[in-house]
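K.L.:
Show me the folded form of this:
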Amino acid sequence: MLSALALSLLAAPQDSPPPGFTPLFDGRTFAGWRGRPHLAPGSEETWTEEERERRRNEWEADLLAHWRIEDGEIVNDGQGVFLTTDRDWGDFELLLEYRTVPLADSGIYLRGCPQVQIWDTTEAGGKWELGADKGSGGLWNNQRFPRDPLVHADRPFGEWNRLRILMVGARVSVWLNGLLTVDHTPLENYWDRTRPIPARGPIQLQTHGGEIRFRNLYLREIQPEEANLILAAAGDEGFRRIFNGRDLRGWAGPVADYVVVGGALQCRPGRGGTIYTEEEFGDFAVRLQFLLPPGGNNGLAIRYPGSGDTAYVGMCEVQVLDDSAPRYAGLKPWQYHGSIYGMVPAARGYLRPPGVWNFEEVTVVGSRIRVELNGTIITEADLAEIEQPMSGHEHPGRTRTRGHFGFAGHNNPVRFREVFVRRLD
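P.N.:
Presented below is the predicted three-dimensional model:
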């Protein structure tokens, strides 16, 4: 492993990391890094141990041929494998500086996915038709969500550029030389656009076409409580609180089956039923935080008529479930957390462990519904296009255009807090 290499090159001392950050590069060695090419996350897991060892040795030799350390700077000649962290990262804030040359093309892979773009943005660079005239610092490989930077912020060749990258879930914000170039935008999964990017993965320094130098690489991991605050603050215009944190004023249904604990709404153990807002909604978005006990089970009632099982008579029920619990080992795909119960499965792997607060946003427009969990879109569907629900049962309420929002309790003490709604119609 390259992290064990001691390339003891003399180097100038690095700047001190900002408070809360740790260095990713010690200024002297490639400790904590290895070589890895443009390769889909998880690819190595499918190889035999012999194949994995052989390829990693090849990548190590390639790295040593094209990467070096000079005066506390990482230098690449424009060729070779990408410099890749040994560790995988989830939510983080990354700081780094880079300096490049004409015709060079580079980028920062996040969780093994391309990329925050770095390139020659001059007309002489020959890539204006690809968008280079817009500048560096964009999510160039996006197709559905914005890919171009908001502003051209590159400094002239010969000068150092500073990047700040904030990543929570799939959502990325980028500042280049102090200017915002990406604003809380989902990074798409280049390797499989039908799925969100992985919840964790390495950081890679990509390069080709010309020399690039990196220095002062610092990273700060973002913990769930801070991640929730970041997600709640983004695009919060128009949202209003519908649970006051003190009592169930404004709610109807079996409210006696719920209790307020520490500012959170909780289903009483062994009790259940669907409580719902007195208001009705057509098109809307709802934001909330939830905490699951081990094996916890609840649901979000969407356009609920006020009686009956919301999974069938409402537009739908969005699952809220500790699907990692042993008791749920036999779940169907449409029963996992974030799924549209009986109809649409959610992408898995983005739910935090029991006892940790999660942030979720559900958006309903017409017959379409989207579920975003901890910053990653895990479910999207048009229920009008479903001819035969996966459960094999009819869901007649899926065509409802209005109804209440609520919580479908299933006898477990699941907690909800910070519940906000925004009308979209």
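
K.L.:
So which residues of the chain form helices?
P.N.:
49-66, 224-233, 310-313 (DSSP state H).

K.L.:
which helices and strands sit right next to the longest one?
P.N.:
This points to helix 49-66. Helices and strands touching helix 49-66, by 3 or more Cβ pairs under 8 Å, 6 or more residues apart in numbering; DSSP states H and E, are strand 33-36. For the C-beta atoms, the positions are set from N, CA and C on the backbone; glycine is no exception.

K.L.:
Contacts for the strand it packs on, please.
P.N.:
The contact list for strand 33-36 (Cβ atoms under 8 Å, 6 or more residues apart in numbering) reads 1-3, 24-25, 56, 59-60, 62-63, 67, 80-86, 202, 204.

K.L.:
for the record, mean pLDDT for it?
P.N.:
Strand 33-36 shows a mean pLDDT of 97.

K.L.:
try stretch 53-60
P.N.:
Computed over stretch 53-60, the average pLDDT equals 96.

K.L.:
Buried residues in stretch 16-29, which are they?
P.N.:
17, 21, 24, 25, 27, 28, 29 (16 or more other Cβ atoms under 10 Å).

K.L.:
First-to-last residue distance for that stretch?
P.N.:
Chord length of stretch 16-29, first to last residue, is 17 Å (Cα to Cα, to the nearest Å).

K.L.:
same check, this time on stretch 126-138
P.N.:
18 Å.

K.L.:
Now render the helices of the chain as JSON lines, adding mean neighbour count and distance to residue 94.
P.N.:
Below are these laid out as JSON lines (neighbours: other Cβ atoms under 10 Å; distance: least, Cβ to Cβ, whole Å):
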{"stretch": "helix 49-66", "mean neighbour count": "14", "distance to residue 94": "21"}
{"stretch": "helix 224-233", "mean neighbour count": "17", "distance to residue 94": "15"}
{"stretch": "helix 310-313", "mean neighbour count": "23", "distance to residue 94": "41"}
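
K.L.:
could you redo those helices as CSV and give each row distance to residue 406?
P.N.:
Supplementary listing: those in CSV, determined by distance: least, Cβ to Cβ, whole Å:
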stretch, distance to residue 406
helix 49-66, 50
helix 224-233, 21
helix 310-313, 7
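
K.L.:
Nearest approach to residue 419 belongs to which of these?
P.N.:
Nearest to residue 419 among those is helix 224-233 (11.3 Å), distances taken as Cβ to Cβ.

K.L.:
I'd like the average pLDDT over that closest one.
P.N.:
Mean predicted confidence for helix 224-233 is 98.

K.L.:
With stretch 367-384 instead?
P.N.:
pLDDT averaged over stretch 367-384 gives 98.

K.L.:
Stretch 312-325 now?
P.N.:
97.

K.L.:
Endpoint to endpoint, it covers what distance?
P.N.:
Distance between the two ends of stretch 312-325: 25 Å, counting by Cα to Cα.

K.L.:
and what of stretch 257-277?
P.N.:
15 Å.

K.L.:
So which residues make contact with stretch 249-257?
P.N.:
Residues contacting stretch 249-257 (Cβ under 8 Å, 6+ apart): 242-244, 248, 267-268, 271-279, 306, 404, 406, 409.

K.L.:
CSV for the buried residues of stretch 16-29, including pLDDT and distance to residue 143?
P.N.:
Shown next, in CSV, are the buried residues of stretch 16-29 (pLDDT from 0 to 100; distance: Cβ to Cβ, whole Å):
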residue, pLDDT, distance to residue 143
17, 91, 35
21, 97, 32
24, 98, 29
25, 97, 32
27, 95, 38
28, 95, 40
29, 96, 38
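
K.L.:
Using a markdown table, lay out those residues together with distance to residue 116.
P.N.:
Formatted as a markdown table, the buried residues of stretch 16-29 follow (distance: Cβ to Cβ, whole Å):
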| residue | distance to residue 116 |
| --- | --- |
| 17 | 20 |
| 21 | 18 |
| 24 | 15 |
| 25 | 17 |
| 27 | 23 |
| 28 | 26 |
| 29 | 25 |
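
K.L.:
for those, which one is nearest residue 72?
P.N.:
residue 27 (4.2 Å).

K.L.:
so how far is residue 127 from the closest one?
P.N.:
Distance, residue 27 to residue 127, by Cβ to Cβ, to the nearest Å: 32 Å.

K.L.:
Tell me which residues touch the closest residue to residue 398 other than its chain neighbours, please.
P.N.:
Once flanking residues are discounted, residue 398 sits nearest to residue 383: 4.3 Å by Cβ to Cβ, 6 or more residues apart in numbering. Contacts for residue 383 were tallied using Cβ under 8 Å, 6+ apart; they are 315, 316, 340, 343, 344, 367, 368, 369, 395, 398, 399.

K.L.:
one more time with 10 Å
P.N.:
302, 315-316, 340, 343-344, 364, 366-369, 389, 395, 397-400 (Cβ atoms under 10 Å, 6 or more residues apart in numbering).

K.L.:
And the buried ones among those residues, selectable in ChimeraX?
P.N.:
Selection of buried members from the contacts of residue 383 for ChimeraX, criterion 16+ other Cβ under 10 Å:
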select :302,315,316,340,343,344,364,367,369,389,395,397,398,400
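
K.L.:
Could you tell me which of the contacts of residue 383 belong to strands?
P.N.:
302, 316, 364, 368, 369 (DSSP state E).

K.L.:
Isn't the fourth one up against residue 398?
P.N.:
No - with the criterion set as Cβ atoms under 10 Å, residue 368 and residue 398 do not qualify as a contacting pair; they are 11.5 Å apart.

K.L.:
and for those two, which residues touch both?
P.N.:
In contact with both residue 368 and residue 398: 381, 383, 384, using Cβ under 10 Å, 6+ apart.
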